[in-house]
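>>> Output the structure for:
(chains A, B and C)
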Amino acid sequence: MVLQVEDLHTSFFTKMGEVKAVDGISFHVRERETFGIVGESGCGKSVTGLSIMRLLPEPSGQIVSGKIILEGKNLVELSKKHMRAYRGKVVSMILQDPMTSLNPVYTIGDQVGEAVRMHQDLPENMVEAEVIDVLRLLRIPAPEVRLKEYPFQLSGGMKQRVVGAIAMSCRPRLLIADEPTTALDATIQAQYIALFEDIQEKTNVAIIFITHDFGVVARICDRVGVMYAGKIIETAPTRDIFKNPKHPYTIALIKSVPQLDKKDDRLFSIEGQPPSMMNLPKGCRFCPRCHVALDICKEQEPPEVKISENRSVSCWRVK
Amino acid sequence: MLSTLPTAKTKTKKQYRGVTRVTRVIQKLAFWVPLIIMIAMIILAIFANFIAPHDPNLPKITDRYTPPVFMEGGKSEYLLGTDQIGRDILSRLIYGARVSLSVSLLVILITAAIGTMLGIAAGYSGGRADAIIMRVVDMALSFPGLLLAMLLAVAIGPGFTTVVLALSILGWAGYARMIRGEALRISQSDFVAQARVNGASGWRIMTRHIFPNIINSLIVLMTLQVGMMILAEAGLSYLGLGITVPTPSWGAMVSDGRANLDNAWWISLFPGVCIGLVVLSGNFLGDWIRDKLDPRLRQL
Amino acid sequence: MVRFIIIRLLQCIVAFFGILIITFLLLRVSGDPAALLASPNFSPEQVQAIRVELGLDKSWGEQLGIYLNQVAHGNLGESLLQKKPVITKIGDALPNTLKLMVPSFVLAMILAFILGVLAATYRDSWWDNIVKFLAVLGQALPGFWVAIMAVLIFSVQLQWLPVAGMDTPANYILPVSTIVFFTMPGMMRLVRSTMLDVLDSEYIKMARIKGLPERTVIWKHALRNALISPLTIIGMLLPGVVTGAVITEQIFNWPGMGRLLVEATFARDFPVVQAVVIITAILVLGINLLIDISYAWVDPQIRFQRT
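Take a look at the predicted model:
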């Protein structure tokens, strides 16, 4: 087990009041596994990633309670200094927008090398070789030339590879990818996803893949957790969730993925809006948008039910 | 399996909430106090002849260097004391509001008009005209207005015209720069393209389509300029380039008191406080209007 | 890069001629330039000599030619008050001004950057609030008044610091503080707001993801980016600095260009005023050019631009 998150609560304390962005989620990721976190924007999936990195915007964002156990260490309890030693070395992250993720005033070599120097005790003359090595890992052509270039000289796809190289520079045990393909063109997207599999093959890294796109999930994830309004409402192996989704929200999400082989050309969309995180409904969070809601759904939150070794669902209809 | 964090975190939460309550009160004050000061100043400027207790220019040598009323030796007829030739400081301050306000309003109107026209023309037409106008703007922005004021003062003598001219000749550039950016943005929008398709003339597009859309930014910029213009006018009057004696102006009054710092500091102190208060109020109101009308302009 | 500098240089030269022409025109709109250039005790022959020298009987084009030729030869005329070449007066005054302005401006900029960066880093802390308060105050209070009040407190009342002159280091304290007070707040505010934008950016998050210490994140990754837009407006601060110099020198009786300018203005000593304006213009343009070059150094995108 590389990562185990237990009952994580993360809130933002704003002028309007407390926003419970992540409201008690638990999941785990194994070595060489890709775990997908899927959900609509604002459901708390990015906040989950930032909580693991302990990079919530200060002072408003705070982990309220819960455990994040990475390689046997609870990250929540680490001092800032200890956490920094973990960042980039044991756990790393790729952000959504490659256009702004690289510092415009420093060269690629400088930005990748910085991470290498930070965590690996290498003599200075070895750093460049190491940087070239990691650029190769991300299949960046002509790495020796790229070293001297500035971000604005690269294309979007190439920038995102460089960001990947920074994240992978110390061969971390866990990589969090927060919508890394959303800002890319469709063709480049496919290449980039293939790259992840390749990297995993070579480095055994565990990956958390955060996305809103079930299509991407199908292509890359081994297991997936569906998030809604701060909670994971269903966890399952990818194959099972497509074959037999349990939670009404998951069913709706999968229906809304465009599929070429289906005759029905109308896309399904979920009616209504996710609830405001400021005042959540009393019962099930999905209840107001649910077509199959029961009376109990309005009153009580459904408990998480383990239905098999690898699957669990939070819904009153699933027993 | 719930592990709670150390209590230090809960404390920060409370602190955070406390700060927001204080800021909310401050935000309210930051609107009302400046507004009242500004309105008071406008009333004083307009009705100076009725409000001022004394003739601002009438010297009374026997009463000179009278300290303000709250000090030993102060007289109740001169609330803020008298200057080196016995003129009532309060009355001079009230009349001084006229000078500050009229100069700054006039300059703002002139510069905003010129700057808006050139800015829209540059932003809409683009190309060479734009490049030339913007280079002139850059030059005007980096040229010290004081030097121009000095040249004018020598050439045509100090006074109202010199101050207004000196501030206007360079002042339009700031408007032109901002308006040009706005005009450029708007002229690329769909409704301008549509108007062009419908055969509207360049003049019509500039006046009917672009101008109404930059009014908010223009108003924001103009209010933010009030304080700056009052400061600039005060600076020029301080140096003696402005309104000539005996007409009172705040900047000149500060200068009058300089020689008497050791025995009559109040001559310099009060006009400075007035300038500071009014400029501060102008800036606060400007910020408030900007936040209401056009928050994008935060950077200004 | 080289082309960028050449273009800027050419623009500077054009701007310089623009300023020369403005001073030339101002001299003429005031009526009889000879009267302006002559002191009241000049004999009619002397006034006539000025007329001939300026070629006032000739066309404006020719007059402009004569004028530009004189400026090009460093002939900025003679002071009407002291019958000295203007250029020697400036030679005396300029070093004094630079002695005051250069350290003040550098100090103001360093302070503005440090305080601005710290305020942004510790956003909404008491420290940030103090910085914001100082900035608001500094932008609202007239500098000349603050300087006079400082004289009142530190020189007249407490008698800690000298009022005027430039002989001892203590003489520098009040003037330098005044200029810092003039120039720092605007810059500090801008540094703070750009720094906040930069700190909010994804590449700063990325730098933290790498596990870099906060020190490196702020002073390496953020500062260099936060330098770009404040650098562009240093040029726009220069007018304020010039105004500050004039007022400060006048208050503290500092024998520099500013005091020379004020004295000359009230003596209606046009050649001196004109010369001070021209020299200052050259300085301002030169500094702007330097800023453009350093700007290119900070932002690689400009360095690589072909235009």
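
>>> Just give me the neighbour total for residue 251.
I'll assume chain A. 18 (other C-beta atoms under 10 Å in any protein chain shown). Backbone N, C-alpha and C define where each C-beta goes, glycine included.

>>> try again with chain C
For C:Ile251, using other C-beta under 10 Å, the count is 25.

>>> what about it, distance to chain A?
To chain A, C:Ile251 is 41 Å away according to C-beta to the nearest C-beta, to the nearest Å.

>>> what about whichever residue of chain C sits closest to chain A, how many neighbours?
Of all residues in chain C, C:Gly211 sits closest to chain A, at 3.6 Å by C-beta to the nearest C-beta. As a burial measure, C:Gly211 scores 23 neighbours (other C-beta under 10 Å).

>>> looking at it, it is touching A:Arg117, isn't it?
No. Here C:Gly211 lies out of contact with A:Arg117, judged by C-beta atoms under 8 Å, at a distance of 11.0 Å.

>>> any idea how far chain B is from the residue of chain C closest to chain A?
22 Å.

>>> Now that residue, what are its backbone angles?
phi 90, psi 20 (degrees, to the nearest 10).

>>> cool, B:Leu44 as well?
The phi/psi pair for B:Leu44 (degrees, to the nearest 10) reads phi -60, psi -40.

>>> That one and C:Cys12, how far apart?
For B:Leu44, the distance to C:Cys12 equals 46 Å [C-beta to C-beta, to the nearest Å].

>>> Would you map the helices across chain A?
Remark: helices assigned in chain A by DSSP state H are A:45-53, A:80-86, A:98-101, A:108-119, A:124-137, A:143-146, A:156-168, A:186-203, A:214-220, A:238-243, A:248-255, A:295-299.

>>> now for those helices, which one comes closest to C:Ala72?
helix A:108-119 (47.6 Å; C-beta to C-beta).

>>> Just give me how far that closest one sits from the chain centre.
23 Å (C-alpha atoms, centre = their mean, to the nearest Å).

>>> Quick check: residues of the stretch 201-307 of chain C near chain B?
Counting by C-beta under 8 Å from any C-beta of the partner chain, the stretch 201-307 of chain C comes close to chain B at C:235-236, C:238-239, C:242-243, C:246-247, C:250-251, C:261-262, C:264-266, C:268-270, C:273-274, C:276-277, C:280-281, C:284-285, C:288.

>>> residue contacts, C:Gln139?
If you count contacts by C-beta atoms under 8 Å, 6 or more residues apart in numbering or on different chains, C:Gln139 has them with B:227, B:279, B:283, C:185-186, C:189.

>>> try 10 Å
B:227-228, B:231, B:279-280, B:283, C:182, C:185-186, C:188-189 (C-beta atoms under 10 Å, 6 or more residues apart in numbering or on different chains).

>>> Shouldn't C:Lys83 be within a strand?
No. Counting by DSSP: H, G, I helix; E, B strand; the rest coil, C:Lys83 falls outside a strand, being coil.

>>> Neighbours of it, how many?
By the measure other C-beta under 10 Å, the count of residues near C:Lys83 is 8.

>>> what do you get for B:Pro34?
Every residue meeting other C-beta under 10 Å relative to B:Pro34 is counted, giving 21.

>>> can you check C:Asp197 too?
15.

>>> Does A:Glu144 touch A:Ile132 like I think?
Yes. If you go by C-beta atoms under 10 Å, A:Glu144 and A:Ile132 touch, sitting 6.3 Å apart.

>>> what do the two both touch?
A:Gly109.

>>> between those two, which one's more packed in?
Neighbours per residue (other C-beta under 10 Å) separate A:Glu144 from A:Ile132, with A:Ile132 holding more: 18 against 11.

>>> The residue nearest to the more buried one when sequence neighbours are not counted and B:Trp32: what is the separation?
Excluding its sequence neighbours, the residue lying closest to A:Ile132 (C-beta to C-beta, 6 or more residues apart in numbering or on different chains) is A:Pro143, at 4.6 Å. To B:Trp32, A:Pro143 is 62 Å away according to C-beta to C-beta.

>>> again with C:Lys132
Taking C-beta to C-beta, one finds C:Lys132 at 20 Å from B:Trp32.

>>> These two - which one has more neighbours?
Ranked by neighbour count (other C-beta under 10 Å), C:Lys132 and B:Trp32 place C:Lys132 first, with 16 against 10.

>>> Verify the stated contact: the more buried one with C:Tyr122.
No. Between C:Lys132 and C:Tyr122 there is no contact under C-beta under 10 Å: 11.8 Å.

>>> Report the contact partners of A:Lys246.
Neighbouring residues of A:Lys246 by C-beta under 10 Å, 6+ apart: A:226, A:233-234, A:236, A:240, A:305, A:307, A:311-315, A:317-318.

>>> err, B:Pro248, not the other one
Applying C-beta under 10 Å, 6+ apart to B:Pro248 gives the contacts B:48, B:52, B:56-57, B:83, B:87, B:89, B:91-99, B:237, B:256, B:271.

>>> Next step: those residues restricted to helices.
Using DSSP H, the contacts of B:Pro248 in helices are B:48, B:89, B:91-99, B:237, B:256, B:271.

>>> Contact residues of the stretch 51-200 of chain C facing chain A?
For the stretch 51-200 of chain C, the residues in contact with chain A (C-beta under 10 Å from any C-beta of the partner chain) are C:123-125, C:198-200.

>>> What about chain B: which of those residues touch it?
Contacts with chain B within those, as defined by C-beta under 10 Å from any C-beta: C:124-125.

>>> The residues of the stretch 51-200 of chain C next to chain A: which two are farthest apart?
C:Ser125 and C:Val198 (18.2 Å).

>>> Of those two, which one has the most company?
The neighbour count for C:Ser125 versus C:Val198, taken as other C-beta under 10 Å, is higher for C:Val198 (23 against 14).

>>> re earlier: can I get the contacts of C:Gln139 in a markdown table including pLDDT and secondary structure?
Converted to a markdown table, the contacts of C:Gln139 look like this (pLDDT from 0 to 100; DSSP: H, G, I helix; E, B strand; the rest coil):
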| residue | pLDDT | secondary structure |
| --- | --- | --- |
| B:Gly227 | 87 | helix |
| B:Met228 | 87 | helix |
| B:Leu231 | 87 | helix |
| B:Val279 | 89 | helix |
| B:Leu280 | 87 | helix |
| B:Asn283 | 85 | helix |
| C:Phe182 | 79 | helix |
| C:Pro185 | 86 | helix |
| C:Gly186 | 83 | helix |
| C:Met188 | 88 | helix |
| C:Arg189 | 85 | helix |
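
>>> Show me just the buried residues among those.
B:227-228, B:231, B:279-280, B:283, C:182, C:185-186, C:188-189 (16 or more other C-beta atoms under 10 Å in any protein chain shown).
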